[in-house]
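> Fold the following, please.
(chains A and B)
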Amino acid sequence: MSQPESAVADARAGGRKDGTPSRGKEPLAELASRYGLRRAIARPSLPAYVRQLWERRHFVLTYATSRNVSRYSSSMLGQLWQVLTPLLNAGVYYLMFGLILGARNDSDNYVAFLLTGVFIFSFTQRSVSSGAKSISGNLSLIRALHFPRAALPLAYTIQELQQLAVSMVVLLVLVLLTGEPITLLWLFIPVVLLLQTMFNIGASLVLARIGSTARDMNQLLPFITRTWLYASGVFYAIDVKVEHAGGPPWLADILYLNPAASYIEFMRDILISSHTPRDWVWGSCVFWAVFALLVGFWYFWRAEERYGRG
Amino acid sequence: MAELTKELSQVKAEDNNVPKQDGKARPTAEPLPTGTPTVIVDDLHIVYRVYGASSDAEKGNAANALMRLLRRQGRPQMREVHAIKGVSFVAYHGDAIGIVGRNGSGKSTMLRAIAGLLPAHQGSVYTDGQPSLLGVNAALMRELTGERNIVLGCYAMGMTPRQVRAKYDEIVDFSGIGEFVQFPMSTYSSGMGARLRFAIASAKAHDVLLIDEALATGDREFKRKSQQRIQAMRAEAGTVFLVAHNLDVIEETCNRVIWLHKGKIKMDGDPQTVLAAYNRA
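As a prediction, this is how the structure comes out:
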């Protein structure tokens, strides 16, 4: 079993023993600089990186679509699973929390309340967990072709967004069936989804970098996302639960600051007329979107030249 | 001793020549093209991490894993492979360099490092322009049709939609798979898959071209076609690196051969000399 440091040290020592001189790096490096050669692996500046990523937009889109097409290609029902999966999820949660545990009193329209929560949360959850594998699961691609590595987590999030587009149609139809009216507020639906997508991209960029070196992340992530699910008020109203438990109102405020909870609340505000979220929930949505995207992109870019070492 | 050598190599560098090490079995007399250098590899070390290779001594059960954590030992599943151990050379404009060596001698790893796809553990690679590996296989998806894979592969290599439209028919023609282009790639025979992959990979022009065993696929007619295509690409590209086990191909196309052995350069020179020595070994 060869350790890296010792192996390099061995090689150096071995080289010297052979009588091979340990040459300084200067001559070749000087030769390279005189002819204007660049290091093969050099991280581009942040603006250049953004530009490269923009040039690869067709790849990102095609890659996302291709993955969506190939995902269900082996099953008999095919693309129908894009609709069935969220529906089945919502059904299970309704059985569990609506009927058995009795959270139905948390909202006047519990079915719409629950469905919105499940669909919106699963968008973030799936983006984050697929983003965590986007680098470690694509090593062969990274070792074969040149492209800004951020294209991979980005494509995975776009793929989930495409799936969400299908789910949203299902969600809107179901919400209408529960008796909610179509209002002008529906014009805000794309805005919420845009903000949430920005957050998801940022979060999956962060997790992609972590997951590229810490393989144990993939084992741990399901537990983290499940805890997140339970804390985000997907199948219960956070303020009602906190009140029941005798907790102070600021505790509910803090829980609503959680990005997933914020996006769910914003969407419920739009879709369910009787639902009244905190006034500032849109502010939390905007903050998380901008913060996550900027920090995530910067954090991912910092390690750009190291992806692919495995 | 060390100072002397350093001085010596500096003098040589000023002569615009490859700083060769003394006392190594490398012929210095062969006529290297004295054009501008396009690729400089400077004391390159590559260390791979391999996961999931557990040794026989340790059984992979949970109790052992816990003990290992307590003793603060590394994971046995993670092995480090020192694939390239200090390689240095300079490639010039117009060079066609063949790389020979046994399986596992680090040929493919070195190509990937030159392409800038594998980070160096130590040392560095300097290049003029963007070297590209002739390998698009990793981006393709078996469940998708040939049509979709052509588009996906072209985008993965960084082509624009207009270039893709312009090249699409040419790729289909060159691959010669005909109407199978509408079927999923999983239904292709291995020869058809290889032909389509090569057709996609070679659809783009490159500055520095790295070819890894691309010639050993397809039937006889396709082999002839792909050899022609590679010759044409060599004419366009500044420098070509070619990894092959078929020594005839290397002797025909290359003007310089590097022999890698266990991650080090064993010999570097003109094809006749190096290949003769390689065949004797």
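
> which one is B:Met110 nearest to, not counting chain neighbours?
Setting aside the residues directly before and after it, B:Met110 is nearest to B:Ile84 in space (Cβ to Cβ, 6 or more residues apart in numbering or on different chains), at 5.7 Å. Bear in mind the C-beta positions are built from the backbone N, C-alpha and C, glycine included.

> Tally up the residues packed near the one you found, please.
Using other Cβ atoms under 10 Å in any protein chain shown, B:Ile84 has 29 neighbouring residues.

> Surely it is in a helix?
No: counting by DSSP: H, G, I helix; E, B strand; the rest coil, one finds B:Ile84 to be strand, located in no helix.

> quick one: it and A:Val169, what's the gap?
B:Ile84 sits 53 Å away from A:Val169, going by Cβ to Cβ, to the nearest Å.

> Can you check the distance spanned by stretch A:185-192, start to finish?
One end of stretch A:185-192 sits 11 Å from the other (Cα to Cα, to the nearest Å).

> For that stretch, buried residues please.
A:189, A:192 (16 or more other Cβ atoms under 10 Å in any protein chain shown).

> what's the answer for stretch B:85-97, then?
B:85-93, B:95-97.

> JSON lines for those, including distance to chain A, secondary structure and pLDDT?
As requested, the buried residues of stretch B:85-97 are exported to JSON lines (distance: Cβ to the nearest Cβ, whole Å; DSSP: H, G, I helix; E, B strand; the rest coil; pLDDT from 0 to 100):
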{"residue": "B:Lys85", "distance to chain A": "4", "secondary structure": "strand", "pLDDT": "86"}
{"residue": "B:Gly86", "distance to chain A": "6", "secondary structure": "strand", "pLDDT": "86"}
{"residue": "B:Val87", "distance to chain A": "11", "secondary structure": "strand", "pLDDT": "88"}
{"residue": "B:Ser88", "distance to chain A": "7", "secondary structure": "strand", "pLDDT": "87"}
{"residue": "B:Phe89", "distance to chain A": "9", "secondary structure": "strand", "pLDDT": "87"}
{"residue": "B:Val90", "distance to chain A": "7", "secondary structure": "strand", "pLDDT": "87"}
{"residue": "B:Ala91", "distance to chain A": "11", "secondary structure": "strand", "pLDDT": "85"}
{"residue": "B:Tyr92", "distance to chain A": "10", "secondary structure": "strand", "pLDDT": "83"}
{"residue": "B:His93", "distance to chain A": "10", "secondary structure": "coil", "pLDDT": "80"}
{"residue": "B:Asp95", "distance to chain A": "14", "secondary structure": "coil", "pLDDT": "81"}
{"residue": "B:Ala96", "distance to chain A": "19", "secondary structure": "strand", "pLDDT": "84"}
{"residue": "B:Ile97", "distance to chain A": "16", "secondary structure": "strand", "pLDDT": "88"}
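
> okay if I get those as TSV plus distance to B:Asn103?
Output for the buried residues of stretch B:85-97, formatted as TSV (distance: Cβ to Cβ, whole Å):
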residue	distance to B:Asn103
B:Lys85	17
B:Gly86	21
B:Val87	18
B:Ser88	23
B:Phe89	21
B:Val90	27
B:Ala91	24
B:Tyr92	29
B:His93	31
B:Asp95	25
B:Ala96	23
B:Ile97	19
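
> give me the number of residues near residue 230?
Just so you know, I chose chain A. The burial count assigned to A:Tyr230 is 10, neighbours taken as other Cβ under 10 Å.

> think we crossed wires, I meant chain B
So B:Ile230, with other Cβ under 10 Å, has 23 neighbours.
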